[in-house]
Structures are given as C-alpha cells and as structure tokens.
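[1] with the sequence up front, the predicted model follows.
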Amino acid sequence: MYRIMLAESIKQADQRVYRRAMLALVRFDGRKLASKINNPVLVVSGERDTTVPLYMQQLLVNLLPNCAHVIIKEAGHALPVDQPKIFNQIMLDFYENPSEMVRAYRSKSTSGCLQEKF
C-alpha cells in the first residue's frame, strides 16, 4: 500500500525537475568527502535494493571511517516503506547513542565497519 502511494507521489512530481534531481544524484561523487566525515554514520541498506545495489553501498561504507552498516532483510530501496518497524527501531537506536552504536559495531568487526542483517 505505501509503495503504491510512494509511486503515485513520484508520478505527480514535475518530470523535468525529477529528471534533473536524478541526474544530479548520478553525477555526484562524494568519495573524497566521505573519508573526511568523522561523525558517527549509520548506513542502512535494503538487502533487495536494486536502485543502489549492496556492492555500491559497501563501497561507501568502506570509505567512512566511523560507521555502522545495517542490512535489512526483505527490503528494497524504500526501507521505511518495506520494513517500517525494523527501520524505525534501528534509527531510534542510532539516534539514542550514535557513538556507542558505531563503537559496538566496530568492536565486532575485523574490517572496522560491521555489516549486520536484521
């Protein structure tokens, strides 16, 4: 139901504006900036995301020096729509204490940024 509402909302957007926004997203390269972000970062991915596949998200995760990476099962790109309860709980946990969540994930990881599936 929510996915249908989301699709309808996108269809109602000005097509020229939407196209420009998508082109800007595709053209943006934040790799140099990512390694400079020292604040705690939470990357939340959908296991079935076909818009930004997991391997591409992992490239970002590898650049972030202070992050936790959570992968939500049975979810695509629209995480709050696909798995709202799980997504909201993960976000609340992160907002409650971002540094502690990242520290906990990093302590479990040999690569410095743990992927955990929910």
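    Sure thing, it's come through.
[2] in what helix or strand does His69 lie?
    strand 67-72 (DSSP states H and E).
[3] so, low pLDDT: which residues of this protein?
    1-3, 6, 106-118 (pLDDT under 70).
[4] at 50 instead, please
    110, 112-113 (pLDDT under 50).
[5] tell me where it has strands.
    41-46, 67-72, 115-117 (DSSP state E).
[6] now the first one: buried residues?
    The one in question is strand 41-46. Neighbour-count burial for strand 41-46 flags 41-46 (criterion: 16 or more other C-beta atoms under 10 Å). The C-beta positions use only the backbone N, C-alpha and C, and glycine is treated the same way.
[7] tell me what that strand is packed against?
    If you count contacts as 3 or more C-beta pairs under 8 Å, 6 or more residues apart in numbering; DSSP states H and E, strand 41-46 packs onto helix 54-63, strand 67-72, helix 79-82, helix 84-96, helix 98-108.
[8] from the centroid of the chain, which residue is nearest?
    Against the mean C-alpha coordinate of the chain, by C-alpha atoms, centre = their mean, the closest residue is Val44 at 3.6 Å.
[9] contacting residues for it?
    Counting by C-beta atoms under 8 Å, 6 or more residues apart in numbering, Val44 makes contact with 70, 72, 79, 87, 90-91.
[10] what do you get if the cut-off is 7 Å, keeping everything else the same?
    With contact set as C-beta atoms under 7 Å, 6 or more residues apart in numbering, Val44 has these partners: 70, 72, 79, 87, 90.
[11] cool, and Asp93?
    Asp93 is in contact with Met101, counting by C-beta under 7 Å, 6+ apart.
[12] about what we covered before: just the contacts of Val44 now: which is nearest Pro98?
    Ile90 (11.8 Å; C-beta to C-beta).
[13] just give me the neighbour total for Arg27.
    7 (other C-beta atoms under 10 Å).
[14] let me redo that: Val61
    If we define neighbours as other C-beta under 10 Å, then Val61 has 21 of them.
[15] skipping adjacent residues, who's closest to it in space?
    Excluding the flanking residues, the one nearest Val61 by C-beta to C-beta, 6 or more residues apart in numbering is His69, at 4.7 Å.
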